[in-house]
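Colleague: Sharing a model that was predicted from the sequence below.
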Amino acid sequence: MALPTIVLDALNSLQIASVPPQVNAGDRVDLGLSPGLNAFDVLSQPPKLFDIELNNITLDDIAIDLTDINLAPLGAQPGQEKLQLTLDANNSPGSTPGATDLEVVSKAVEFNPLSPPTGTTATDIDTSESSLHALPHLIPNASGVLLLSTAVEGLLSRITGTVRQVEKLTGGITGNIGGHINGAITGTIKNLTGSVKAPKLLPSPPVITVEWYIEDGNGKRLTVNTDFVMQGNTTLTNAAASVMFLPVFAELSAGVDLISRRRIFCKVTVKVGSDTTDRLLGPVDILLPKVQLPTVLVMTEHAVSGAGFPGAVLVAVPSQSLLALDQLTDKLREVKVVLDRIQNLAQLAGFGDTLAQIDQIIALIGSPTSRIPTFVKQDQVMDLWYVMREPGGFLGFGYKSWEDCISSLIMIGPPGRVARFYNAKNFWERLGAFEIVLGAKAVGHINTLEGSALQCEPTGAGGCTFNQRWSPPPSTFNDVLSSYQFLPLQ
């Protein structure tokens, strides 16, 4: 059994209320329905549904009393009004008032003898009767002698007056007429025939459920607390919900799409008794500018917990990065402002580790303990022997490379960024290799490379993933790394 029409009409009237066309990460977006679920309030009593059908109506003794008529021609512009009246009238004597001005020509003629004797009064005259000839008459000549005229004697007349009655009018009025007609219509409506169906009660009040969901521009459904967070103690099942989108990161390089899309949907389900119907509203699109976050890999000579930390510092970025070493600090501070704001608005956003490691990188770059950090702008280094840690002196004596002296690392960058590390040169894995994959929190750090079971933090949802590709024969990655590479960002 289908839901009553009045319930379906209320459901079909719903739409997603207006939202901003573009927001920034950290902005609050209020979701709602228009005209709202209160459209169902009148149905929750429950309502009585009447269905009346009338198919025969008689009007008796109807009178129309028009007391005020004011009509005026209307046109497109003042002075251009046009009203045209065309009439074809048959008038009779005693007509309603109307000006009359007629000219009459009479000729004197003879008719046949009256047989029968008719046409002796004005009302009996037959204007179609044929005459015999002109009525003979005498006229004087120049000498005053009366002679028989060969012409027809006639009279000229003019009739003026009014027409009292219009017996028949045909024609029409063309043009635009404006004004007003005031009056009253009185009478009686009776003899109504038809049918009235018995009132119906809904078996139970309507039960309405709401489910919001959000997709990205590729149709992937997004996850709460990973892609967005709820605001104002609301949930995705509230008719009025509030969300805050978390940042979408993009690599700081040329040719990167800097706009992400969020598509809002709402599924509304109505149940009356055992009958259920749902309707999907949306999508409504919102543009979300991406936050440009450079991939930065910082490696230190000593472990975070070791003596002499950090020692020498190696800073590596992909070849397509737009930044030099002296620009990194300013850019990272810009990103930190965005993440600080989001972290303060939504504690569940979980950017605490990210902020802490950005501060650590800024400190390592901006306040080196003994020397300027080494800066490498390449997608891969096949042999760290050729990357100087300390420049050599006379004939290269005193030269120190970065091979076999890395004890900790930090990497920030867009989610999905992968870096691989090898104990051997030329990316050979058999002496030990591992990779780290950045999650939604855009950061991963290993405080010490001691041991074969390394820990990449943060862990859990949105954290860093550690994949050991080959266990190291020496059971450690500390002070033995000889090559590394950034994988292409997917």
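Modeller: Right, received. Where do you want to start? Residues are numbered from 1 along each chain as shown.
Colleague: Which strand or helix spans the closest residue to Arg420 other than its chain neighbours?
Modeller: For Arg420, ignoring the flanking residues on the chain, the nearest one in space by Cβ to Cβ, 6 or more residues apart in numbering is Glu435 at 4.3 Å. Backbone N, C-alpha and C define where each C-beta goes, glycine included. Under DSSP states H and E, the secondary-structure element containing Glu435 is strand 433-437.
Colleague: how far is that strand from where the chain is centred?
Modeller: For strand 433-437, the separation from the chain centroid amounts to 44 Å (computed by Cα atoms, centre = their mean, to the nearest Å).
Colleague: still on that earlier bit, tell me how many other residues crowd the residue nearest to Arg420.
Modeller: Look at Glu435: counted by other Cβ atoms under 10 Å, it has 18 neighbours.
Colleague: Correct me if wrong: it contacts Arg469.
Modeller: Yes: between Glu435 and Arg469 there is a contact at 6.2 Å, judged by Cβ atoms under 8 Å.
Colleague: Could you name every residue contacting both of the two?
Modeller: Taking Cβ atoms under 8 Å, 6 or more residues apart in numbering as the contact definition, Glu435 and Arg469 share the neighbouring residues Arg420.
Colleague: just to revisit the earlier point, OK, contacts around the residue nearest to Arg420?
Modeller: Remark: with contacts taken as Cβ under 8 Å, 6+ apart, Glu435 is in contact with 418-421, 466-467, 469, 487.
Colleague: Quick check: the two most widely separated of these?
Modeller: When the contacts of Glu435 are compared pair by pair using Cβ to Cβ, the farthest-apart members prove to be Phe466 and Leu487, with a separation of 14.8 Å.
Colleague: Name the SS class of Val270, please.
Modeller: Judged by DSSP: H, G, I helix; E, B strand; the rest coil, the three-state class of Val270 is strand.
Colleague: nope, Gln360 is what I was after
Modeller: helix.
Colleague: and what of the one 4 residues further on?
Modeller: Classification of Leu364 using three-state DSSP returns helix.
Colleague: show me what contacts it?
Modeller: Residues counted as contacts of Leu364 (Cβ under 8 Å, 6+ apart) are 298, 300, 310, 313, 373.
Colleague: What's the local residue count around the fourth one?
Modeller: The local packing count at Val313 equals 21, with neighbours defined by other Cβ under 10 Å.
Colleague: For it, give me its contacts.
Modeller: By Cβ under 8 Å, 6+ apart, the contact list for Val313 reads 298-301, 364-365, 368, 373-374.
Colleague: Please repeat the previous calculation with a cut-off of 7 Å.
Modeller: By Cβ atoms under 7 Å, 6 or more residues apart in numbering, the contact set of Val313 is 298, 300, 364, 368, 373.
Colleague: Could I get the phi/psi values of it?
Modeller: Reported as degrees, to the nearest 10, the phi and psi values for Val313 are phi -120, psi 130.
Colleague: Show me the beta-bridge partners of it.
Modeller: Here Val313 shows beta-bridge partners Thr300, assigned using DSSP bridges.
Colleague: do Ser242 as well
Modeller: Under the criterion DSSP bridges, Ser242 forms beta bridges with Asp30, Gln231.
Colleague: Distance of the residue nearest to Thr295 when sequence neighbours are not counted relative to Gly144?
Modeller: Among residues not flanking Thr295 along the chain, Gly413 sits closest, at 3.4 Å (Cβ to Cβ, 6+ apart). Counting by Cβ to Cβ, to the nearest Å, the gap from Gly413 to Gly144 is 140 Å.
Colleague: quick one, which of these two is more surrounded?
Modeller: Residue environment comparison for Gly413 versus Gly144 gives the larger neighbour count to Gly413, 25 against 6, counting by other Cβ under 10 Å.
Colleague: Just list the residues touching the residue nearest the centre of the chain, thanks.
Modeller: Note on the chain: the residue nearest the mean C-alpha position is Val284, at 5.7 Å, using Cα atoms, centre = their mean. If a contact means Cβ under 7 Å, 6+ apart, then Val284 has 16, 19, 264 as its contacts.
Colleague: Let's see that with 8 Å instead.
Modeller: For Val284, the residues meeting the contact criterion (Cβ under 8 Å, 6+ apart) are 16, 19, 263-264.
Colleague: beta partners for it?
Modeller: With DSSP bridges as the criterion, Val284 is bridged to Ile264.
Colleague: hmm, who's touching stretch 336-345?
Modeller: Outside stretch 336-345, the residues touching it (Cβ under 8 Å, 6+ apart) are 25-26, 231, 244, 246-247, 291, 349, 351-352, 354-355, 358-359.
Colleague: ok, and for that stretch, which residues are buried?
Modeller: The neighbour-count criterion (16 or more other Cβ atoms under 10 Å) identifies 336, 338-339, 342-343 as the buried residues of stretch 336-345.
Colleague: Stretch 315-332 too?
Modeller: 315-318, 320-321, 323, 328, 331-332.
Colleague: next one: stretch 446-458
Modeller: Judged by neighbour count (16+ other Cβ under 10 Å), stretch 446-458 contains these buried residues: 446-450, 454, 456, 458.
Colleague: which one of the contacts of stretch 336-345 has the most neighbours?
Modeller: Of all the contacts of stretch 336-345, Leu246 has the most neighbours under the rule other Cβ under 10 Å, reaching 26 neighbours.
Colleague: so what pLDDT did it get?
Modeller: On pLDDT, Leu246 comes in at 91.
Colleague: and Ala10, helix, strand or coil?
Modeller: Bear in mind the rule, three-state DSSP; under it Ala10 is helix.
Colleague: just Ile342 next, same as before
Modeller: helix.
Colleague: if we can go back for a sec, need the max-distance pair from the buried residues of stretch 315-332.
Modeller: Once Cβ to Cβ is applied, these give Gln320 and Leu332 as the farthest pair, at 17.9 Å.
Colleague: Need phi/psi at Gly352.
Modeller: Listed backbone geometry of Gly352 is phi -60, psi -50, with angles given as degrees, to the nearest 10.
Colleague: what does Phe427 give?
Modeller: Torsion angles, degrees, to the nearest 10, at Phe427: phi 60, psi 30.
Colleague: which residues touch it?
Modeller: By Cβ under 8 Å, 6+ apart, the contact list for Phe427 reads 380, 382, 420, 433, 483, 485.
Colleague: In strands, which of those appear?
Modeller: Members of the contacts of Phe427 lying in strands (criterion: DSSP state E): 380, 420, 433, 483, 485.
Colleague: neighbour-wise, which of these leads?
Modeller: Ala433 (23 neighbours).
Colleague: what's the closest non-adjacent residue to that one?
Modeller: Using Cβ to Cβ, 6+ apart and skipping residues adjacent in sequence, the residue nearest Ala433 is Arg469, 4.2 Å away.
Colleague: thinking that neighbour is in contact with Phe434, fair?
Modeller: Yes: at 5.9 Å, Arg469 counts as touching Phe434 under the criterion of Cβ under 8 Å.
Colleague: overlap in contacts of those two?
Modeller: Among the neighbours of Arg469, those also in contact with Phe434 (Cβ under 8 Å, 6+ apart) are Arg420.
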